[in-house]
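In: Show me how the following folds:
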Amino acid sequence: MPKPPPKVSQDKIKPPTSLVETIGDKAQRKLKARRHAGSGIWFGLGMMGLIGWSIAIPALLGTALGIWLDKYFADERSWTLALLLAGLTLGCFTAWSWVNKEQQAMDDNEQEQEQEDKQDE
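Out: Next up, the predicted model:
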């Protein structure tokens, strides 16, 4: 049995008064869809992978450099552990900055959309 269509309040439905407004509304919807085309589930999964690799790669590079230093320059301190922690710190900072940048871009888009909606009213 098919679902009934969702109920839409009558105050949100406004009949277009002219052909120009109808075309303008459709153009705005298309532009909005193009702006938000990458904001799907695959975008989220890709961002999670990107964040994961931005933490893993510096940690692995730090570990590899630490192993090399421990092998050729033996000391009572473990270069491997120190550089692993340094790589993790660098990776976490990098991931945080990327997430912060994406959050800022999303906030800017929301504010822009709110301003466009206010101008349309």
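In: Where does the prediction get shaky in this structure?
Out: Within the chain, the segments meeting pLDDT under 70 span 1-17, 33, 35-39, 117, 120-121.
In: Report the central residue of it.
Out: The C-alpha lying nearest the average C-alpha coordinate of the chain belongs to Glu102 (C-alpha atoms, centre = their mean; 4.4 Å).
In: Quick one: classify the closest residue to it other than its chain neighbours as helix, strand or coil.
Out: Closest residue to Glu102 in three dimensions, ignoring its sequence neighbours and counting by C-beta to C-beta, 6 or more residues apart in numbering: Met47, at 6.9 Å. (Glycine included, C-beta is placed from N, CA and C.) Using DSSP: H, G, I helix; E, B strand; the rest coil, the three-state assignment for Met47 comes out as helix.
In: neighbours around Met47, how many?
Out: Applying the criterion other C-beta atoms under 10 Å, we find 14 residues in the vicinity of Met47.
In: Let me know the distance separating Gly91 from Leu83.
Out: To Leu83, Gly91 is 12 Å away according to C-beta to C-beta, to the nearest Å.
In: Let me fix that, I meant to ask about Ala59.
Out: Using C-beta to C-beta, Ala59 is found at 9 Å from Leu83.
In: Now do the lengthiest helix in the chain: which elements does it pack against?
Out: Selection of the longest helix in the chain by residue count, based on DSSP state H, yields helix 79-120. For helix 79-120, the elements it packs on are helix 19-35, helix 41-72, judged by 3 or more C-beta pairs under 8 Å, 6 or more residues apart in numbering; DSSP states H and E.
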